[in-house]
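*Asks:* need a 3D model of the following:
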Amino acid sequence: MPQPLLRAVWATALIVGAAMRLAGQDKPVNTTPVDLPDFVVEGQRELPPPEPWLYSRLGNHEILSSAGRGPTERMLKDLNRLIHALHLLETPFLPSEDLSAKIVICGRESDFRPFMEKFHDESTDEDMRTWHYEFRGREGAVLVLDQTANTFSLLDDQSDEESTDVTLAEQRAKNYTRRLQTAFVKFLLYQQQPNQPAWLAEGLARSLVNVRIDERSVTWGVVDNPNKVLGGADERSTGHASTDTMLTRPKPQSRDSLAEDLDFNAALASTALMPLDEMFSWQRDTYIGKKLTALRWFRQSHAFVHWGLFGDTGKHRKQFLAFTQRLEKEPVSETLFRECFDLSYVQGLSALKTHIEFVRAKVIGVEAEKGERLPAAAPIEVRDATPLEVARLKFITYSLAEMPDRAHNELVLAYRRGERTPDLVAELGVSALKIGQRNRALNYLTAATKAKTTRTHAYTTLARMRLEDRLAKPQGKDGKLSYEQLLGVLEPLVLARTQAPRTPEIYTLFADAWANTAATPPPQHLALIDEGAKLFPDDAALHAARARLGPTATAK
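*Replies:* Numbers count the residues shown, from 1 in each chain. Next comes the predicted model:
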């Protein structure tokens with residue numbers, strides 16, 4: 001190996017060694033502004049005034065809201081209390097505390113409109129119009145909610161006007177909070193297990209948000225007395241109703257549009273159930289355009305989960321758990337249902353009807369010692385969001401929604417307002433590349449990586465761009481990279497390895513760069529590539545790149 005190349009390679013090897021020592025250490029986020037020129041755009045207009053947004057955190061979750069301070073504080077206080085209570089229960093169905101997500105609550109119609117336009121939701125039915133979207137990807141998971149959506153409409157024309165205004169305002173707030181909680185819990189359930197059946201996620205979410213919480217206890221499985229919420233024989237015990245009462249109970253027509261606050265036994269009081277095979281076959285988007293059927297499916301999914309976990313004083317719990325576990329590996333079928341519950345679909349539906357009419361539940365929960373209280377939820381703070389927080393969270397949201405132009409525009413606005421943190425400049429570079437601004441992207445990424453951005457994909461994106469540019473004009477023998485070209489590719493990858501999270505792309509690009517160089521990689525570099533192969537044993541691209549280095553690629 002030529003002496004200049006040997007010195008350069010060993011210099012890089014020393015960097016690799018330092019990177020290995022630094023890996024895993026907590027690194028503070030660098031907020032030192034990056035020195036870059038201002039945007040100069042021909043005929044550019046004056047900057048619009050910043051939109052007011054609020055910011056908060058619930059554990060690992062970040063929230064951005066334009067719903068106003070009062071509504072946001074109330075919604076998040078209730079959501080925080082619910083999440084805390086669910087973790088006190090410690091049941092196997094709960095989402096992990098390690099999950100992290102972002103919630104964007106749109107309190108202005110203009111904030112939610114871009115998503116409706118993107119996904120062509122033109123429903124004129126306010127009750128069935130999509131009011132939330134879920135996005136997942138490398139940047140994380142985001143739940144976008146429309147706080148302006150109507151959650152019910154007025155059907156009772158005989159209500160007293162003055163009292164109705166107050167009651168419906170309170171009911172709307174209550175309904176939206178319940179919808180927010182249900183959507184968020186379901187969002188986390190899918191994040192934890194993406195392929196679980198829709199009926200299970202729907203039923204579990206509605207059951208979990210229905211827990212009863214006070215200072216001394218958290219109880220899961222209690223349902224309201226339908227006679228009290230729909231009218232009828234108040235003297236009957238909670239959660240029970242006779243056949244006669246079911247026949248004479250007034251139909252909840254005036255309550256259907258307010259049904260978010262009804263338990264399944266009240267909501268399904270006078271409603272025919274759908275066959276179990278139909279309930280099990282529904283997917284997450286089946287209900288679109290099928291308002292009444294959807295309301296029935298929501299409630300029936302809740303009822304079935306409640307029957308499985310708590311019904312007949314807990315008789316079916318073991319069978320229900322076995323059923324859900326087998327569904328992770330087997331398709332749903334009547335044969336599977338019979339093997340788990342010893343019931344046909346028809347018999348199972350009959351048992352579910354009986355459960356709805358006569359709820360006999362064995363609830364579970366946690367209770368404080370006598371004279372004690374359960375630990376309180378950690379306090380939350382709702383404050384004005386910084387321009388950088390708004391730009392970052394909206395950028396992530398639009399990126400995951402595959403709206404690159406809007407995502408890029410959010411970063412440009414923050415940049416033009418003076419934000420120069422390395423992480424924002426890094427994201428601006430990645431975003432610029434996505435919309436075809438390659439030269440600008442290269443400038444941003446180079447500056448951001450020199451300023452030690454914490455965005456791993458900024459380093460790998462820069463390395464990939466450099467590799468592509470150098471392969472287009474190789475300067476080494478036989479159309480290969482020269483060692484100077486190689487080192488320019490390896491430099492950002494070595495730095496990327498000190499960031500979290502590590503990704504397979506770091507090691508794949510490292511191997512690809514060496515595979516396109518005439519020289520043989522030194523042991524330290526082979527060790528780094530082998531490290532990646534061990535960290536990501538299922539990544540086909542990484543292992544293919546590793547194999548291209550041939551039999552000499554064995555770390556000493």
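*Asks:* elements contacting the helix or strand hosting residue 544?
*Replies:* Element membership of residue 544 [criterion: DSSP states H and E] is helix 540-547. The helices and strands touching helix 540-547, judged by 3 or more Cβ pairs under 8 Å, 6 or more residues apart in numbering; DSSP states H and E, are helix 504-515, helix 523-535. For the C-beta atoms, the positions are set from N, CA and C on the backbone; glycine is no exception.
*Asks:* what's next to that helix, contact-wise?
*Replies:* With contact meaning Cβ atoms under 8 Å, 6 or more residues apart in numbering, helix 540-547 is reached by 504, 507, 508, 511, 512, 515, 529, 530, 532, 533, 536, 553.
*Asks:* okay if I get these as a markdown table plus neighbour count?
*Replies:* As requested, the contacts of helix 540-547 are exported to a markdown table (neighbours: other Cβ atoms under 10 Å):
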| residue | neighbour count |
| --- | --- |
| 504 | 19 |
| 507 | 28 |
| 508 | 25 |
| 511 | 27 |
| 512 | 23 |
| 515 | 17 |
| 529 | 21 |
| 530 | 17 |
| 532 | 25 |
| 533 | 18 |
| 536 | 19 |
| 553 | 18 |
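*Asks:* center of the chain - which residue?
*Replies:* For the chain, residue 141 is the residue whose C-alpha lies nearest the centre (Cα atoms, centre = their mean; 3.3 Å).
*Asks:* mean pLDDT for the helices and strands packed on helix 540-547: which is lowest?
*Replies:* Taking each of the helices and strands packed on helix 540-547 in turn, the one with the lowest mean pLDDT is helix 523-535, at a mean of 90.
*Asks:* how about the CA coordinates for that one, as PDB?
*Replies:* Taking only C-alpha atoms (Å, rounded to 0.1, in the frame of the first residue of the first chain), the coordinates of helix 523-535 have been written out as PDB:
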ATOM      1  CA  PRO A 523      -8.500  -4.400  10.300                       C
ATOM      2  CA  GLN A 524     -10.000  -1.500  12.300                       C
ATOM      3  CA  HIS A 525     -12.400  -0.700   9.400                       C
ATOM      4  CA  LEU A 526     -13.300  -4.300   8.900                       C
ATOM      5  CA  ALA A 527     -14.000  -4.600  12.600                       C
ATOM      6  CA  LEU A 528     -16.400  -1.600  12.300                       C
ATOM      7  CA  ILE A 529     -18.300  -3.200   9.400                       C
ATOM      8  CA  ASP A 530     -18.400  -6.500  11.300                       C
ATOM      9  CA  GLU A 531     -19.900  -4.600  14.300                       C
ATOM     10  CA  GLY A 532     -22.700  -3.400  12.000                       C
ATOM     11  CA  ALA A 533     -23.400  -6.900  10.700                       C
ATOM     12  CA  LYS A 534     -23.800  -8.100  14.300                       C
ATOM     13  CA  LEU A 535     -26.000  -5.200  15.300                       C
END
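*Asks:* could you look up the next helix or strand downstream of the lowest-mean-pLDDT helix or strand in the chain?
*Replies:* Lowest mean confidence among the helices and strands of the chain (mean pLDDT, DSSP states H and E): helix 243-248, at a mean of 30. Later in the chain than helix 243-248, the nearest helix or strand by DSSP H and E is helix 264-267.
*Asks:* centre of the chain to that next one, how far?
*Replies:* 29 Å (Cα atoms, centre = their mean, to the nearest Å).
*Asks:* just name whatever secondary elements that helix is in contact with.
*Replies:* Based on contacts counted as 3+ Cβ pairs under 8 Å, 6+ apart, the elements that helix 264-267 packs against are helix 226-230, helix 291-314, helix 345-357.
*Asks:* list the buried ones in the helix or strand just after it?
*Replies:* Sequence-wise, the next helix or strand beyond helix 264-267 is helix 276-281, with elements assigned using DSSP H and E. Judged by neighbour count (16 or more other Cβ atoms under 10 Å), helix 276-281 contains these buried residues: 276, 279, 280.
*Asks:* what does stretch 213-229 give?
*Replies:* The neighbour-count criterion (16+ other Cβ under 10 Å) identifies 213, 217-227, 229 as the buried residues of stretch 213-229.
*Asks:* over to stretch 531-549?
*Replies:* Under 16+ other Cβ under 10 Å, the buried positions of stretch 531-549 are 531, 532, 533, 536, 539, 542, 543, 545, 546, 549.
*Asks:* where does the prediction get shaky in the protein?
*Replies:* Scanning the chain for pLDDT under 70 picks out the ranges 1-45, 120-129, 150-175, 227-261, 284-291, 551-556.
*Asks:* ok, residue 309 touching residue 221?
*Replies:* Yes - the pair residue 309 and residue 221 qualifies as a contact (Cβ atoms under 8 Å) at a distance of 6.7 Å.
*Asks:* what sits in contact with each of the two?
*Replies:* With Cβ under 8 Å, 6+ apart as the test, residue 309 and residue 221 both reach residue 207.
*Asks:* re the thing from before, let me have the helices and strands packed on helix 540-547 in JSON lines, extended by distance to residue 176.
*Replies:* Putting the helices and strands packed on helix 540-547 into JSON lines (distance: least, Cβ to Cβ, whole Å) gives the following:
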{"stretch": "helix 504-515", "distance to residue 176": "41"}
{"stretch": "helix 523-535", "distance to residue 176": "43"}
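*Asks:* ok, the contacts of helix 540-547 vs residue 332, which is closest?
*Replies:* Distances from the contacts of helix 540-547 to residue 332 were compared by Cβ to Cβ; the smallest belongs to residue 536, at 32.9 Å.
*Asks:* so who does the closest one touch?
*Replies:* 504, 507, 542.
*Asks:* let me see the contact set for residue 307.
*Replies:* Contacts of residue 307 (Cβ under 8 Å, 6+ apart): 316, 351, 352, 355.
*Asks:* who wins for proximity to residue 481 among the helices and strands packed on helix 264-267?
*Replies:* For the helices and strands packed on helix 264-267, distance to residue 481 was read as Cβ to Cβ. The smallest value, 57.4 Å, belongs to helix 291-314.
*Asks:* convert the closest one to PDB, retaining C-alpha atoms only.
*Replies:* Output in PDB follows, covering the C-alpha atoms of helix 291-314 (Å, rounded to 0.1, in the frame of the first residue of the first chain):
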ATOM      1  CA  LYS A 291     -71.700   5.800   9.700                       C
ATOM      2  CA  LEU A 292     -74.300   3.700  11.500                       C
ATOM      3  CA  THR A 293     -72.500   0.400  10.800                       C
ATOM      4  CA  ALA A 294     -69.300   1.900  12.100                       C
ATOM      5  CA  LEU A 295     -70.900   3.100  15.300                       C
ATOM      6  CA  ARG A 296     -72.100  -0.400  15.900                       C
ATOM      7  CA  TRP A 297     -68.700  -1.900  15.100                       C
ATOM      8  CA  PHE A 298     -66.900   0.400  17.500                       C
ATOM      9  CA  ARG A 299     -69.300  -0.600  20.300                       C
ATOM     10  CA  GLN A 300     -69.400  -4.200  19.400                       C
ATOM     11  CA  SER A 301     -65.600  -4.500  19.400                       C
ATOM     12  CA  HIS A 302     -65.600  -2.900  22.800                       C
ATOM     13  CA  ALA A 303     -68.300  -5.300  24.000                       C
ATOM     14  CA  PHE A 304     -66.500  -8.400  22.700                       C
ATOM     15  CA  VAL A 305     -63.200  -7.400  24.400                       C
ATOM     16  CA  HIS A 306     -65.100  -6.600  27.600                       C
ATOM     17  CA  TRP A 307     -66.800 -10.000  27.400                       C
ATOM     18  CA  GLY A 308     -63.500 -11.800  26.800                       C
ATOM     19  CA  LEU A 309     -61.600 -10.000  29.700                       C
ATOM     20  CA  PHE A 310     -64.300  -9.500  32.300                       C
ATOM     21  CA  GLY A 311     -67.500 -11.200  31.200                       C
ATOM     22  CA  ASP A 312     -69.300 -13.900  33.300                       C
ATOM     23  CA  THR A 313     -67.100 -12.900  36.200                       C
ATOM     24  CA  GLY A 314     -63.900 -13.400  34.300                       C
END
